[in-house]
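>>> Fold the following for me, if possible:
(one chain, ligands or ions: 1)
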Amino acid sequence: MKKLVFATNNKHKTQEIRQALEGQYEVLNLQDIGCTDDIPETADTFEGNASLKSQYVVAHFNLDCFADDSGLEVDALNNEPGVYSARYSGSRDSLENINLVLEKLKNQSNRKARFKTVISLVQDGVNHFFEGTVEGTIRTELSGSAGFGYDPVFQPEGYAITFAEMSMAEKNQISHRAIALKKMIDFLNTNSR
Ligand code: IMP
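Predicted coordinates:
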């Protein structure tokens, strides 16, 4: 069976993909291939960072690979925090990051925002991109305790609750990551030899 590396250490994400591609690809994560390197994520776009990760694995391990990069884009903040979402406040603390966004949006009536994921899949030397976005608004206060990151202040379009008030299953139906992943899985299912 063809091998495909997912450039992540997240076991949950790996398991999800493994199931979706069962019988077609042997999905390996960074731990499975013995990669403990600190892969650089120094680009200023999601595409750039996802490509840095996937191409690093291809270059060092000579295996087909895909990687994802995600973040929150807020219209009134010129699409910040964007690729800096994980450490916007200078720390990895989600509450501090959320509070900085809320502070910057104080008295701002345009609260439009989106979560975005870009996947870079390098297969047979060709880099394919798959994108997923979910539009929404930033609440003025936190609500809910599920999920992670900016979930407590992100209300997806068409809903009256935040991502942090949704079950994981419900969020996984509509999330940016789920949309991008589905596009890649459809591509692999159609193109697998
Ligand atoms: P990653 O590229 O998936 O690791 O995401 C980078 C950062 O974007 C995370 O650390 C979060 O701050 C933010 N982020 C990405 N996806 C989500 C999400 O689904 N909910 C909340 N925050 C997210």
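>>> Only C-alpha atoms from now on, for both contacts and neighbour counts.
Will do.
>>> Leaving out chain neighbours, which residue sits closest to the spatially most central residue of the chain?
The structure's the chain has its C-alpha centroid closest to residue 70; by Cα atoms, centre = their mean the separation is 3.4 Å. Among residues not flanking residue 70 along the chain, residue 117 sits closest, at 4.2 Å (Cα to Cα, 6 or more residues apart in numbering).
>>> and the helix or strand hosting the one you found, which strands flank it?
Taking DSSP states H and E as the criterion, residue 117 maps to strand 112-123. According to DSSP bridges, strand 112-123 forms sheet pairs with strand 65-74 (antiparallel), strand 126-138 (antiparallel).
>>> which stretch among these comes nearest the ligand?
The closest of the strands paired with strand 112-123 to the ligand is strand 65-74. By Cα to the nearest ligand atom, the value is 3.6 Å.
>>> So what's the gap between that closest one and the chain middle?
Remark: strand 65-74 is offset 4 Å from the chain centroid, using Cα atoms, centre = their mean, to the nearest Å.
>>> what about it, near the ligand?
Yes: using Cα under 6 Å from any ligand atom, strand 65-74 reaches the ligand at 69-72.
>>> One more: stretch 143-158?
Yes: for stretch 143-158 and the ligand, the contact criterion (Cα under 6 Å from any ligand atom) is met by 148-151.
>>> Around the ligand, which positions in this protein sit nearby?
69-72, 85-86, 148-151.
>>> by contact count, what packs against the lowest-mean-pLDDT helix or strand in the chain?
Scoring the helices and strands of the chain by mean pLDDT, DSSP states H and E places helix 11-20 at the bottom, with a mean of 87. In this structure, helix 11-20 packs against strand 25-29, with contacts taken as 3 or more Cα pairs under 8 Å, 6 or more residues apart in numbering; DSSP states H and E.
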